[in-house]
Each structure stands twice: as C-alpha cells, then as structure tokens.
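A.B. asks: what shape does this take:
(one chain, ligands or ions: 2)
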Amino acid sequence: MKLGVIADDFTGASDIALTLAEGGMSCVQYVGTPSTPAQPDVEAGVVSLKSRTVSAGDAVAQSLAACDWLTAQGCSQIVFKVCSTFDSTAQGNIGPVAEALADHLGEAQVIVCPAFPESGRSVYQGHLFVGDKLLNASGMQDHPLTPMTDADLRTVLAAQTAWPISHIATDIVFSGGDAIAAAMPRTPAMIIVDAIRDDDLRAIAQAARSRKLLVGGSGIAIGLPANFGAVPATPDWQPTTGAGVVLSGSCSTATRGQVAAYAKVAPSLEITPEDIMAGRINVDETADWALAKDTAPLIYSSADPASVKAAQQKYGRDRLAHAIEGFFTDLTRALAVRGLARLVVAGGETSGAVVAGLGCSAFSVGPRLAAGVPMLKADNHQMAVALKSGNFGAADFFAHALLRMSEL
Ligand SMILES: Nc1ncnc2c1ncn2[C@@H]1O[C@H](COP(=O)(O)OP(=O)(O)O)[C@@H](O)[C@H]1O
Ligand SMILES: O=C(O)[C@@H](O)C(=O)COP(=O)(O)O
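C.D. replies: Ligands and ions are numbered 1, 2, ... in the order given. Alright, predicted model coming up:
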C-alpha cells in the first residue's frame with residue numbers, strides 16, 4: 001500500500017475512494033480499521049471512520065489507530081479526508097485530529113484544502129464557497145449536527161487547534177507546485193491553501209509530493225495518484241440485480257430534493273422523530289414491507305430545518321440522532337438477511353449507521369454514479385451499495401443509482 005486515507009465519515013470515504021480509483025490506483029474502502037493485513041495488490045487504502053461528530057478525544061484515538069495500520073501496510077503518505085464543507089464544531093474534530101496525526105507522523109507543515117471544484121466547493125482568499133454562496137449562506141448553517149456559520153476557514157480552524165494558521169492564496173497557487181512549495185512556512189503551521197480549479201489541486205499535489213500528511217476533501221486527492229505513477233482508469237463493475245431500497249437520514253438541501261423527487265415515482269415511508277422515540281416502528285415489518293414492493297421503496301427521516309430544530313429541542317440533538325441512526329442500523333440488518341441486493345443511502349452519519357447493519361468489512365470501488373459517489377460492492381453480501389453525501393447528486397439521483405447498479 002502506498003497511500004493511506006483516514007476518512008471522518010463513510011460517504012466521505014467513498015467520495016475519495018472514487019477519486020483514487022479513477023486516478024488509477026487499486027483502492028479498497030475499509031469499514032473501520034482492519035485487524036488483519038491488506039491484500040498485497042491494494043495501492044490506496046481508505047479507512048472509513050464515523051469520527052466527525054464523536055468527542056475530539058475519541059476521534060483522535062480512532063484516527064491514530066487507523067494511521068498506525070495504514071503506515072504498517074507501507075503507506076508513505078496519509079490523507080485525513082474531511083468534508084468539502086468542512087463540517088465540524090468549535091471543539092473539532094478537524095483541528096484536533098490533524099494536530100494529533102501531524103505529531104504522530106512527525107510533520108510540521110500541514111496543507112489543509114477542502115476544495116472540490118466539480119461539486120462547486122472552492123477556497124478563495126481563505127474562504128470556502130459552495131457554488132456562488134459563502135459556506136455560511138449555503139444551507140450548511142442549518143446542518144443538524146455540524147452547523148457551519150463562518151466561511152473563513154482560517155478562523156474556523158484556529159478555533160479548533162493551538163497550531164498557528166497560515167494561508168497560501170490563489171496568486172501563488174496559480175503559479176504552480178514549485179511556487180506553492182516555496183511559499184510553505186518554515187515553522188510549524190496548518191496552511192489553508194486556496195483552490196478553485198482541478199489544476200490548482202494538481203499543483204497542490206505536486207507541492208505535497210513528499211509531505212507525510214494532507215488534510216482535505218476528495219479534491220485534495222485529484223493529483224495524488226500521479227505522484228505514485230498511476231494513470232487514470234475506469235473502475236470495473238459487475239451488474240447487480242434484485243431487490244433495492246433507498247434509505248435517507250440526510251436533512252441536507254440536495255437530499256430533501258431527491259427525496260421529494262423519488263417519492264413521486266416510488267413507494268415511500270417517512271419515519272418521524274416521534275415514531276422513533278415512541279418505539280412505534282417495527283423493524284421486521286418495515287423490512288417486509290420494503291422487500292414486497294416491485295419498485296425499490298424509499299424509507300426516510302429527512303426533514304426540513306424547522307422540523308429538525310423542533311424535534312431536537314424536544315428530544316435532545318444527540319439522543320435523537322443516535323435513535324434515528326440506530327433505527328437505520330437495525331433496519332439494514334433486517335433487509336440484508338432478507339436478501340437485499342441494491343442499497344442506496346443518503347447521509348454521512350446515516351451511512352455509517354447503515355454500514356454497521358451490513359456487517360461487512362470492506363467495499364470494492366466501482367464506477368461513478370455522480371461526482372463524489374461511486375458504486376460499491378460489500379465484501380460479505382456481494383450487495384451493490386451507494387453512500388451518497390448529503391449535498392451530492394442531481395434530483396433524480398436515487399432512481400439513477402438503482403438503475404446504474406443493474407446495468408452492464
Ligand atoms: N427528522 C430528523 N430530525 C432530527 N435529526 C434527524 C432527522 N433525520 C435525520 N436526523 C439526523 O441528522 C443527521 C444527518 O446527518 P447525515 O446522515 O450525516 O446527513 P448529511 O450527509 O446530510 O450530513 C443524522 O445524525 C440523522 O440521524
Ligand atoms: O467532502 C464531501 O463533501 C463529502 O465527501 C462528505 O464528506 C460529505 O459528508 P455528508 O454530507 O455528511 O455526507
């Protein structure tokens with residue numbers, strides 16, 4: 001293994017795994033840190049953690065364990081994959097984990113860049129944009145767990161770490177990899193690097209060729225496979241037919257549009273916070289209902305910001321999230337034993353919960369369904385799976401994903 005990734009959620013892990021696979025690296029997405037060695041042909045290993053919203057201490061411990069496993073497999077460079085919308089709170093976990101990994105690997109300068117131009121995320125003058133909106137006006141200010149209310153990544157990161165924060169601006173980035181390398185501070189720092197185009201990310205990769213640690217969204221990986229001699233490729237796929245289900249616990253803007261669109265063409269079942277907290281949902285009956293349908297049904301808890309806020313005030317934010325995620329874990333387990341063959345999931349935390357219900361230990365990475373979303377095959381069920389980030393994908397993503405999984 002040459003390149004190791006520690007991803008702070010499961011959708012983020014499959015997002016960067018797609019970038020690396022399309023860059024021509026043989027790539028596996030692991031479910032948590034494996035306890036056994038990787039297959040010898042794996043060049044890029046992506047460890048999926050569910051560490052974005054746990055305590056900073058827990059996130060650090062999980063990330064260091066993942067780092068140790070990846071370096072033991074031979075990785076010379078580690079990427080800490082965070083969200084392209086920099087999802088975090090003042091407590092972390094981006095700063096504390098980046099700091100701990102840097103100390104552990106002996107790296108004093110850490111490039112931090114969440115830009116992902118293909119999905120509209122750009123970093124300019126240290127500020128993160130989603131399309132033409134600043135991060136704090138993009139919808140991310142209403143996220144149920146990690147509301148983002150400041151677009152200046154320098155102040156966001158400074159609140160999470162004692163390390164000095166530095167910045168490399170677009171004029172230097174446009175001058176290329178050598179200019180970026182020359183502009184790197186000589187003293188310890190986390191460096192927010194601007195990037196608005198894929199070419200900027202390639203220049204960053206060139207500058208980072210011998211860095212032991214990088215922090216970023218999947219865009220940070222665009223230029224990395226070439227550093228390891230890989231050439232672009234299309235990942236293989238064996239079609240999977242059979243029963244399909246869409247599970248959505250994401251309350252993000254794009255997902256809510258996808259839920260509304262799919263509910264018009266397929267059976268759907270809304271699970272409300274009241275249903276969950278009152279224990280009104282029978283998981284086995286729900287799984288039977290889902291698999292009796294001719295068209296893959298949608299089961300969702302996705303709701304608008306006002307409803308989410310009201311439910312959080314009533315039940316407590318973390319308690320509610322935990323209960324909803326627990327429901328999705330149990331439902332997935334029930335669906336898997338009944339022979340589910342195609343599974344589409346919306347939401348990063350939700351995906352972590354769903355994958356826990358699958359009980360698999362790794363995914364092979366197939367071709368793209370949308371920017372940042374590959375088709376995956378679970379190693380235990382040979383099930384086709386898509387883990388879609390909250391804000392990725394077009395309005396017809398669910399129908400498109402289910403269809404593509406079954407096509408040659
Ligand atoms: N109706 C709801 N009310 C409150 N919280 C919810 C509701 N539905 C889902 N959630 C919780 O909101 C969080 C959504 O996060 P996530 O799955 O990561 O989505 P995204 O990818 O959009 O960030 C999860 O913890 C989920 O359990
Ligand atoms: O970088 C991204 O935007 C995604 O890969 C990601 O991590 C998104 O997280 P969720 O929106 O919580 O799925």
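A.B. asks: what does the stretch 101-250 of the chain put close to ligand 2?
C.D. replies: 116, 217, 218 (C-beta under 6 Å from any ligand atom). Placement of C-beta: from N, CA and C, glycine included.
A.B. asks: relative to ligand 2, which residue of the stretch 51-200 of the chain is the closest?
C.D. replies: residue 84 (3.4 Å; C-beta to the nearest ligand atom).
A.B. asks: which of the helices or strands spans residue 155?
C.D. replies: helix 153-158 (DSSP states H and E).
A.B. asks: for the chain, what's the longest helix?
C.D. replies: helix 317-337 (DSSP state H).
A.B. asks: so how far is residue 229 from the closest residue to ligand 1 within the stretch 51-200 of the chain?
C.D. replies: Using C-beta to the nearest ligand atom, the single residue of the stretch 51-200 of the chain nearest to ligand 1 is residue 144, 3.8 Å away. As for residue 144, its distance to residue 229 is 42 Å (criterion: C-beta to C-beta, to the nearest Å).
A.B. asks: neighbour-wise, which of these two wins?
C.D. replies: residue 144 (23 against 10; other C-beta atoms under 10 Å).
A.B. asks: ok, the more buried one to residue 320 distance?
C.D. replies: Taking C-beta to C-beta, one finds residue 144 at 9 Å from residue 320.
A.B. asks: common neighbours of the two, please.
C.D. replies: residue 312 (C-beta atoms under 8 Å, 6 or more residues apart in numbering).
A.B. asks: and residue 190, which of the three is it?
C.D. replies: Secondary structure state of residue 190, per DSSP: H, G, I helix; E, B strand; the rest coil, is strand.
A.B. asks: does it touch residue 161 like I think?
C.D. replies: Yes - Residue 190 is in contact with residue 161 according to C-beta atoms under 8 Å; the separation is 6.4 Å.
A.B. asks: where does residue 387 fall, phi/psi-wise?
C.D. replies: phi -110, psi 100 (degrees, to the nearest 10).
A.B. asks: which of the residues in the helix holding residue 155 are buried?
C.D. replies: Residues of helix 153-158 classed as buried: 153, 154, 156, 157, 158 (neighbour count, 16 or more other C-beta atoms under 10 Å).
A.B. asks: ok now that helix, how far from the chain's centre?
C.D. replies: 21 Å (C-alpha atoms, centre = their mean, to the nearest Å).
A.B. asks: how about the helix or strand following that helix: buried residues?
C.D. replies: Going down the chain from helix 153-158, the next helix or strand is strand 165-168, by DSSP H and E. Using 16+ other C-beta under 10 Å as the test for burial, strand 165-168 gives 165, 166, 167, 168.
A.B. asks: just stretch 366-383 next, same as before
C.D. replies: Applying 16+ other C-beta under 10 Å to stretch 366-383 flags 366, 368-379, 381, 383 as buried.
A.B. asks: repeat that for stretch 84-93.
C.D. replies: 84, 85, 86, 87, 88, 89, 92, 93.
A.B. asks: so which of these comes closest to residue 401?
C.D. replies: residue 84 (19.7 Å; C-beta to C-beta).
A.B. asks: so which helix or strand takes in the closest one?
C.D. replies: Per DSSP H and E: nothing holds residue 84, as it lies in no helix or strand.
A.B. asks: okay but it is in contact with residue 118, surely?
C.D. replies: No - the criterion here is C-beta under 8 Å, and residue 84 misses it with residue 118 at 9.9 Å.
A.B. asks: coming back round to it: export the residues of the stretch 101-250 of the chain next to ligand 2 to TSV and tack on neighbour count and pLDDT?
C.D. replies: TSV is the format used below for those (neighbours: other C-beta atoms under 10 Å; pLDDT from 0 to 100):
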residue	neighbour count	pLDDT
116	30	98
217	29	98
218	32	98
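A.B. asks: which of those fall in strands?
C.D. replies: Using DSSP state E, no member of these sits in strands.
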